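Undergrad: next come a sequence and a model predicted from it.
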Amino acid sequence: DRNDEEWLVLAVGHAGHTPNDPSRTHLVSYQEQIEHKIAVLRERCPYAFVKGSETRFIVAGHSVGARVGLEVMHRLHSEARFQCYFGICPTVMHIGQSPNGTRMSSRFANPLFCRAAFAATWLVKLVTSLMPRTVALKIAKTAMAKDVPGVNGFYVRHALALVDPHIVANAFHMADHEMKMILGPEDAAIQHAAEEFADVITFI
C-alpha cells in the first residue's frame with residue numbers, strides 16, 4: 001500500500017508454469033523462482049525500495065509458494081518492509097522426507113522418467129489438439145470431476161491449457177530442486193524468519 005487509500009494486489013505464479021509464459025521453454029530452478037518473485041516486486045513496486053518508504057508488503061503463499069514467500073522476505077528484509085505473512089497449506093521444511101516426497105524424489109531426479117513424462121504430454125497435447133474443442137473439454141472435465149465433483153468450466157479450460165510438455169518439464173525440474181533444497185529448521189531462511197518475523201507470520 002502506497003498510502004492509506006491505495007493497495008496493489010499482485011498474484012504471481014511460478015515462472016515457466018503457465019502456457020503464455022515464454023520462459024516455460026527454459027527449465028527454471030527453485031532458486032530462480034525466488035529471484036523471479038523478487039524481480040517482480042522490484043519492477044512493479046519500485047517505490048517500496050526507496051529509503052524511508054512507508055510501503056509495506058503483505059506476503060501470502062500456498063504450498064511451496066509459502067516457502068518462496070519466506071525466502072523473499074529473508075532476502076529483502078533490509079530493503080523493504082513487511083507487514084504480515086500468510087502460509088497457506090505451507091510446505092516449508094523437509095519436503096523430501098514427507099510421504100509423497102519419499103515416494104517421488106527418485107522419479108523427479110530420474111532423467112528417463114522426466115523424458116517419458118515430456119513425451120507423454122506431447123502426445124496428449126497432440127491428440128487433444130486434433131479433437132473438437134468441446135470434446136477435449138468434456139474429457140478434461142470428466143477426469144477432473146473424479147477429484148472435484150461439479151468442477152466449474154472456467155477451471156477446466158485453464159487445466160486443459162496446462163497440458164504442455166514444457167510446463168510439465170518445469171514442474172518436474174522444480175520439484176526435484178525442492179526435494180533437495182527445502183531442508184529443516186537449521187536452514188538460514190527458516191531461522192531468520194523465526195527470529196525476524198515471528199510476530200507477523202501466520203500458517204493456515
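TA: Happy to help now that I have it.
Undergrad: so what does the strand or helix carrying Glu71 touch, helix or strand wise?
TA: According to DSSP states H and E, Glu71 maps onto helix 64-76. In terms of contacts (3 or more C-beta pairs under 8 Å, 6 or more residues apart in numbering; DSSP states H and E), helix 64-76 is packed against helix 30-44, strand 56-62, strand 81-88, helix 188-196. C-betas here are computed from N, CA, C, even on glycine.
Undergrad: list the buried residues of the shortest one.
TA: Using 16 or more other C-beta atoms under 10 Å as the test for burial, strand 56-62 gives 57, 59, 61.
Undergrad: closest to Gly16 among those?
TA: Among the buried residues of strand 56-62, Gly61 lies closest to Gly16 (C-beta to C-beta), at 17.2 Å.
Undergrad: which non-adjacent residue is nearest the closest one?
TA: Gly69 (3.7 Å; C-beta to C-beta, 6 or more residues apart in numbering).
Undergrad: ok so, going back, among the helices and strands packed on helix 64-76, which is nearest Ala119?
TA: Ranking the helices and strands packed on helix 64-76 by proximity to Ala119 (C-beta to C-beta) places helix 30-44 first, at 24.3 Å.
Undergrad: what is the mean pLDDT for the closest one?
TA: Taken as a whole, helix 30-44 has an average pLDDT of 94.
Undergrad: pull out the buried positions in it.
TA: For helix 30-44, the neighbour count (16+ other C-beta under 10 Å) marks 30, 32-34, 36-38, 41 as buried.
Undergrad: including distance to Arg75, could these go into TSV?
TA: Formatted as TSV, the buried residues of helix 30-44 follow (distance: C-beta to C-beta, whole Å):
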residue	distance to Arg75
Tyr30	14
Glu32	13
Gln33	13
Ile34	7
His36	12
Lys37	10
Ile38	6
Leu41	10
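Undergrad: hmm, which two among the residues you listed are most spread apart?
TA: Tyr30 and Leu41 (17.8 Å).
Undergrad: for Arg81, the count of nearby residues, please.
TA: Neighbour count for Arg81, taken as other C-beta atoms under 10 Å: 13.
Undergrad: list the contacts for it?
TA: In this structure, Arg81 makes contact with 48, 53-57, judged by C-beta atoms under 8 Å, 6 or more residues apart in numbering.
Undergrad: let's see 6 Å
TA: Arg81 sits next to Arg56 when contact means C-beta atoms under 6 Å, 6 or more residues apart in numbering.
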